[in-house]
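Q: below are the sequence and a predicted model; questions follow.
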Amino acid sequence: MAELSLIEALRAGIDEAMAADERVFVFGEDVGKRGGVFRVTEGLQDKYGPWRIIDSPLAEGVIVGAAIGAAVNGMRPIAEIQFADFIWPAMNQIVSEAARMCYRSNGEWNVPMVVRAPYGGGIHGAIYHSQSVEAFFAHVPGLKVVVPSTPYDVKGMIKSAIADPDPVMFFEHK
């Protein structure tokens, strides 16, 4: 079995999901040419094209809102927020829209999307780059929260999250 870092395992899981299902795409700041702030999507835009690895504006609410729209229209978006610390502008979209869509539609609509965000400390980022926000989302009906701790868990859980019919908050440690 190959030894992978957490980032390599995450990239491999996303890559496998994208290869298996053309509805899967990644949308977020700098995910295309730069490969994301932690290089999780490095090389994937070259492999899948700019229509599946899409650079977004610096607007977390737009990233999540657009992903919700895509999800309810049959796509499987992975919305990347650069740091969990910056997820707050997307809070209304996540809690009021994505999490409640199934209940609001009496089970007729699902939001099969993943919101990925690196969390925690360890990179000397001080107060605005070291937060752990997963507990806030764990209390929201309609959301699933995933916080894997090993590369093995990361790869399997990202693939499961992408395949899930409901919104999944996926927090990977920096």
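A: Thanks, I have the structure now. Numbers count the residues shown, from 1 in each chain.
Q: ok, and what's touching the lengthiest helix in the chain?
A: Longest helix in the chain, counting residues (DSSP state H): helix 6-20. When contacts are taken as CB atoms under 8 Å, 6 or more residues apart in numbering, the neighbours of helix 6-20 outside the stretch itself are 4, 24-26, 38-44, 47-48, 52, 76, 78, 150-152, 154-159, 162-163, 172-173. C-beta: built from backbone N, CA, C; applies to glycine.
Q: which ChimeraX command selects the buried ones in those?
A: With 16 or more other CB atoms under 10 Å as the criterion, this ChimeraX line picks the buried residues out of the contacts of helix 6-20:
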select :4,24,25,26,38,40,41,42,44,48,52,76,78,151,154,155,157,158,159,162,172
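Q: picking up where we left off before, relative to the whole chain's centre, how far out is the next helix or strand along the chain from the longest helix of the chain?
A: Heading C-terminal from helix 6-20, the first helix or strand you meet, by DSSP states H and E, is strand 24-28. A distance of 8 Å separates the centroid of the chain from that of strand 24-28, by CA atoms, centre = their mean, to the nearest Å.
Q: send the alpha carbons of strand 24-28 over as PDB?
A: As requested, the backbone C-alpha atoms of strand 24-28 are provided in PDB (Å, rounded to 0.1, in the frame of the first residue of the first chain):
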ATOM      1  CA  VAL A  24     -18.300  16.000  -9.900                       C
ATOM      2  CA  PHE A  25     -16.500  19.400 -10.000                       C
ATOM      3  CA  VAL A  26     -14.500  21.600  -7.700                       C
ATOM      4  CA  PHE A  27     -15.300  25.300  -7.200                       C
ATOM      5  CA  GLY A  28     -13.200  27.600  -5.000                       C
END
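Q: now the angle from it to helix 6-20?
A: Relative orientation of strand 24-28 versus helix 6-20 (axes from the mean of the first three to the mean of the last three CA atoms, to 10 degrees): 130 degrees.
Q: mind listing what P141 touches?
A: P141 sits in contact with A99, R100, Y103, where contact means CB under 8 Å, 6+ apart.
Q: which of these has the most neighbours?
A: Tallying neighbours with other CB atoms under 10 Å puts A99 at the head of these, with 21 neighbours.
Q: that one touches V140, doesn't it?
A: Yes: with contact defined as CB atoms under 8 Å, A99 counts as touching V140 (5.1 Å).
Q: not counting sequence-adjacent ones, nearest residue to K33?
A: Distances taken as CB to CB, 6 or more residues apart in numbering place Q45 nearest to K33, at 6.5 Å, with adjacent residues excluded.
Q: got a pLDDT number for that neighbour?
A: As summarised for this prediction, Q45 has a pLDDT of 98.
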